[in-house]
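Peer 1: build me a model from this:
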Amino acid sequence: MTACNKTDMALEWLEGAQDDLHLAKLAICNAERPIFNLACYHSQQAAEKALKAFLTAHLTTPPPYIHDLRVLCEDCIKYDASFAKILKDCAELTPYNGARYPGTPRLSETEAHIALEKATKIVNFCINLLSSLHSLPINNPN
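Peer 2: Have a look, this model is predicted:
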């Protein structure tokens, strides 16, 4: 990947992360039918995409095609030790990748809010770090 291409790809990952945060909020706030499982899933996806944005900015190949946020965060730690601060949140969000499937236990409103809070923290962490390290033109609506 070229430097320009890496920047563009990192920005695309971050845009996807922000979209997933928005979808998680909509799933929680839907007055007619809140969907807490999907809120948790989109929270996990937001965090995953933010971590992959950081990795994209540092790797010469695309980030790994995995959904384990703990592993992705450990990969990020190799480039910046401050990711250790969010490792626990990453590990706690990882199981929500499967929350969209039938047969998954129903998740609560409290779980959805906590997942969204953790995902927002991770996305903002990645945005702030990428902004300061790489001067990426990032619009952070969170």
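Peer 1: so where do the helices sit in this protein?
Peer 2: Using DSSP state H, the helices of the chain run over 3-29, 36-58, 69-77, 87-93, 109-134.
Peer 1: got the contact list for the third one?
Peer 2: Right, the one you point to is helix 69-77. Here helix 69-77 makes contact (CB atoms under 8 Å, 6 or more residues apart in numbering) with 44, 47-48, 51-52, 54-55, 63-64, 66, 83-84, 86-87, 90-91, 93-94, 122. C-beta here means a position set from N, CA and C on the backbone, and glycine is covered the same way.
Peer 1: 7 Å - rerun?
Peer 2: Helix 69-77 has contacts (CB atoms under 7 Å, 6 or more residues apart in numbering) with 44, 47-48, 51-52, 54-55, 66, 83-84, 86-87, 90-91, 93-94.
Peer 1: and stretch 52-67, by the same measure?
Peer 2: 1, 6, 9-10, 13-14, 17, 48, 72, 75-76, 79, 97, 126, 129-130, 134.
Peer 1: rounded mean pLDDT for it, please.
Peer 2: For stretch 52-67, mean pLDDT is 93.
Peer 1: ok now that stretch, how far from the chain's centre?
Peer 2: 13 Å (CA atoms, centre = their mean, to the nearest Å).
Peer 1: got the buried residues for it?
Peer 2: For stretch 52-67, a neighbour-count test (16 or more other CB atoms under 10 Å) marks 52-58, 63 as buried.
Peer 1: contacts for stretch 105-117, please.
Peer 2: Contact with stretch 105-117 is made by 24-25, 28, 34, 36-37, 39-40, 43, 93, 96, 99, as judged by CB under 7 Å, 6+ apart.
Peer 1: of those, buried ones?
Peer 2: 24-25, 28, 36-37, 39-40, 43, 93, 96, 99.
Peer 1: reformat those as TSV; add pLDDT and distance to residue 118.
Peer 2: Formatted as TSV, those follow (pLDDT from 0 to 100; distance: CB to CB, whole Å):
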residue	pLDDT	distance to residue 118
24	98	11
25	98	14
28	97	14
36	97	15
37	96	16
39	97	12
40	98	10
43	98	7
93	98	6
96	97	10
99	91	14
